[in-house]
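Trainee: coordinates only, sequence not included:
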């Protein structure tokens, strides 16, 4: 593995992308330039509160209340986020026919907002919520309107918003928050349509990702520490099959030993320069 941010290595990135057959695997680091902090990179830090697990969410009304109060605040920041130069560059590479697919671990929808299409959202997306009782879905902006109507005087202040849209607030700020119920069946088991900790990614989605990776010429990892197996498994599969693995991430990743090339440069700069060199 070669690790550097030199122009020579950027030339190598251009060469890898130029020949097409690239599958992108993106993580939270790609969205930091849009104002969304990551968990472990140089612009982020590990969250201080315990993330909501699927088991806690479905079994505890108090847990759901706590989650939605935090998420109500976090959504305001997530909804304002706009694609950065890195997202735009990925969409441009796709437009040039050089990408066979985009797999993202992010739930912010910024790839699509930048113009990318056929994006596999490995962990789902925050733009939808689903009722676990009746299965009906609602757009998050629609739910947000209802939450605002129910909570005109809720003014808690978040100390941090995580990449999953979960804001960090103290428990004493939860008083007075009112949850919105399903508008179809009135259940309070309304959940963002994302994969929580302790919840499995749907098998057909995982299989679709494996199919993309197995047919790729190059797996290009953008802004992921690959700390969780959810993303690392695709790097391992690519390496096992002899597929080129290129990682662009500021900071170490669990996939570094498997990478053919590792660049530690700002993603917006590296990807913008790559597009410029190819057009």
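Mentor: Looks like it came in fine. This structure is a prediction, so every number in the text was calculated from the model and none was measured.
Trainee: Please make it C-alpha for all contacts and neighbour counts, starting now.
Mentor: Will do.
Trainee: show me what contacts residue 109?
Mentor: 125-127 (Cα atoms under 8 Å, 6 or more residues apart in numbering).
Trainee: So what's the model's average confidence on stretch 257-264?
Mentor: Across stretch 257-264, pLDDT averages out at 96.
Trainee: Bridged to the residue nearest to residue 73 when sequence neighbours are not counted, which residues?
Mentor: Once flanking residues are discounted, residue 73 sits nearest to residue 167: 6.1 Å by Cα to Cα, 6 or more residues apart in numbering. Beta-bridge partners of residue 167, counted by DSSP bridges, are residue 161.
Trainee: burial measure for residue 167, as a count.
Mentor: 26 (other Cα atoms under 10 Å).
Trainee: Neighbours of residue 151, how many?
Mentor: Applying other Cα under 10 Å, we find 17 other residues in the vicinity of residue 151.
Trainee: what's the first-to-last distance across stretch 116-128?
Mentor: Start and end residues of stretch 116-128 are separated by 19 Å (Cα to Cα, to the nearest Å).
Trainee: Pick the one among the contacts of residue 109 closest to residue 275.
Mentor: In terms of Cα to Cα, no member of the contacts of residue 109 lies closer to residue 275 than residue 125, at 27.0 Å.
Trainee: any idea how far residue 89 is from the residue nearest to the closest one when sequence neighbours are not counted?
Mentor: Excluding the flanking residues, the one nearest residue 125 by Cα to Cα, 6+ apart is residue 107, at 4.3 Å. Taking Cα to Cα as the measure, residue 107 falls 19 Å from residue 89.
Trainee: Give me the contact list for the longest strand seen in the chain.
Mentor: Longest strand in the chain by number of residues (criterion: DSSP state E): strand 124-131. Outside of strand 124-131, the residues within contact range by Cα under 8 Å, 6+ apart are 106-109, 136-141, 143, 164-165, 182, 187-195.
Trainee: What is the subsequent helix or strand relative to the lowest-mean-pLDDT helix or strand in the chain?
Mentor: Least confident helix or strand of the chain, by mean pLDDT, DSSP states H and E, is strand 2-4 with a mean of 48. Sequence order places helix 7-18 as the next helix or strand after strand 2-4, per DSSP states H and E.
Trainee: which helices and strands sit right next to that following helix?
Mentor: helix 267-278 (3 or more Cα pairs under 8 Å, 6 or more residues apart in numbering; DSSP states H and E).
Trainee: which of the residues in the helix it packs on are buried?
Mentor: Using 16 or more other Cα atoms under 10 Å as the test for burial, helix 267-278 gives 267-268, 270-275.
Trainee: Does residue 221 belong to a helix, a strand or coil?
Mentor: Classification of residue 221 using DSSP: H, G, I helix; E, B strand; the rest coil returns strand.
Trainee: Name all residues that make contact with it.
Mentor: Contact analysis of residue 221 by Cα under 8 Å, 6+ apart lists 24-27, 245-249.
Trainee: quick one: which of these is nearest to residue 97?
Mentor: For the contacts of residue 221, the nearest to residue 97 is residue 24 (12.9 Å; Cα to Cα).
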